[in-house]
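1. 3D, please:
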Amino acid sequence: MNSDQLKALLQQVRDRGVDVDEAMTKLATWPTQDLGHTRLDTQRALRCGHPEVVFGAGKSPSQLVDIGREIFARHGELLVTRAAPEGAAALCQALPAAKHYPACGAVRVERATPQKPFGHVLV
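-> Numbering: from 1, shown residues only. Down below sits the predicted model:
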């Protein structure tokens, strides 16, 4: 959840478009979400303007897919570094918009519409 999403949720609660229980459900995994094998920092986009970057070394392909799907579902973008070829292939299969950069082991799914985090200028 980024700052715009949090603000929108709070406004919906204020305006009674979302009840408190539903808002609590949406915030239940905030600021972290435990996937069993990994604990995701779901608040990083709010603090830093971009979601958590995944360090892929040492993670299995299935772990990378679990992590990648969750981050992409929450934030609409994903960056994995140092992914082994098998992990990168699994990510690209699970997330068709993913691009693999084999020279550095990175996998990236870019946001369809670039956003300016917290009003900063992207260069």
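2. helix or strand: which one has Lys26?
-> Per DSSP states H and E, Lys26 falls inside helix 20-27.
3. tabulate the CA atom coordinates of that helix in PDB.
-> Output of helix 20-27 as PDB, limited to C-alpha atoms (Å, rounded to 0.1, in the frame of the first residue of the first chain):
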ATOM      1  CA  VAL A  20     -14.100  -0.300   9.700                       C
ATOM      2  CA  ASP A  21     -14.000  -4.100   9.600                       C
ATOM      3  CA  GLU A  22     -13.300  -4.100   5.800                       C
ATOM      4  CA  ALA A  23     -10.600  -1.500   6.300                       C
ATOM      5  CA  MET A  24      -9.000  -3.600   9.100                       C
ATOM      6  CA  THR A  25      -9.000  -6.600   6.700                       C
ATOM      7  CA  LYS A  26      -7.200  -4.500   4.100                       C
ATOM      8  CA  LEU A  27      -4.700  -3.400   6.700                       C
END
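4. report the buried residues of that helix.
-> In terms of neighbour count (16 or more other Cβ atoms under 10 Å), helix 20-27 has its buried residues at Lys26. Using the backbone N, CA and C atoms, a C-beta is placed for each residue, glycine as well.
5. from the chain's centroid, how far away is that helix?
-> 19 Å (Cα atoms, centre = their mean, to the nearest Å).
6. downstream neighbour of that helix in the secondary structure list?
-> Heading C-terminal from helix 20-27, the first helix or strand you meet, by DSSP H and E, is strand 32-34.
7. how about the most centrally placed residue in the chain, phi and psi?
-> Nearest to the mean C-alpha position of the chain, by Cα atoms, centre = their mean, lies Ile71 at 2.4 Å. When read as degrees, to the nearest 10, the backbone of Ile71 gives phi -60, psi -40.
8. Gln93: which element?
-> Taking DSSP H and E as the criterion, Gln93 maps to helix 85-94.
9. and the average pLDDT for the helix holding Lys26 is what?
-> For helix 20-27, mean pLDDT is 87.
10. now what about that helix, what contacts it?
-> The contact list for helix 20-27, computed with Cβ atoms under 8 Å, 6 or more residues apart in numbering, reads Met1, Leu9, Leu10, Gln12, Val13, Val18.
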